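In: coordinates only, no sequence provided:
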């Protein structure tokens, strides 16, 4: 499975790089806000991103930490929601590839390697 996954990721990265915009978020920088409608899927190339909510009394609840090869916001990317359900903040300097949802899914659906894995 690891060889197949690595092959998939290398192929997908190459295809995504052609259609994406590279961007760097600095540590502490906000990437998405809860309720925001994203313009792009972000594929994390390097770094860590925290996903969290804020309670009514102001407490920050961390829901997940995303690292290399992660897609954010995943629920929006997968059409499960129409907006980001968490706040996303760079926990380190984060290098991402920004790509439209349409281009991302066109690449995924046309990839023979992804069909072998999924």
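Out: Done, it's in. Just so it is clear, the structure is predicted and the values come from calculations on it, not from any experiment.

In: got the buried residues for stretch 40-59?
Out: Within stretch 40-59, the residues scored as buried using 16 or more other CB atoms under 10 Å are 40, 41, 42, 43, 44, 45, 47, 48, 49, 50, 51, 52. Placement of C-beta: from N, CA and C, glycine included.

In: which element is the third one on?
Out: According to DSSP states H and E, residue 42 maps onto strand 41-46.

In: mind giving me the packing neighbours of that strand?
Out: Applying 3 or more CB pairs under 8 Å, 6 or more residues apart in numbering; DSSP states H and E, we find strand 41-46 packed against helix 2-19, strand 71-72, strand 94-99, helix 101-110.

In: contacts for the very next helix or strand once past that strand?
Out: Following strand 41-46 in sequence order, the next helix or strand is strand 49-54 (DSSP H and E). Counting contacts by CB atoms under 8 Å, 6 or more residues apart in numbering, the residues outside strand 49-54 that touch it are 25, 31, 34, 60-67, 70, 72-73, 86-91, 94.

In: please apply the same query to stretch 10-18.
Out: Contacts to stretch 10-18, defined as CB under 8 Å, 6+ apart, come from residues 43, 45, 97, 99, 104, 107, 108, 111, 113, 114.

In: ok so, going back, and the contacts of strand 49-54, which of them are in strands?
Out: Among the contacts of strand 49-54, the members falling in strands are 25, 31, 60-66, 72, 87-90, 94 (criterion: DSSP state E).

In: in TSV: the buried residues of stretch 40-59, plus distance to residue 15 and pLDDT.
Out: TSV is the format used below for the buried residues of stretch 40-59 (distance: CB to CB, whole Å; pLDDT from 0 to 100):
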residue	distance to residue 15	pLDDT
40	16	96
41	13	95
42	16	96
43	11	93
44	17	95
45	14	93
47	21	98
48	24	98
49	22	98
50	28	98
51	26	97
52	31	97
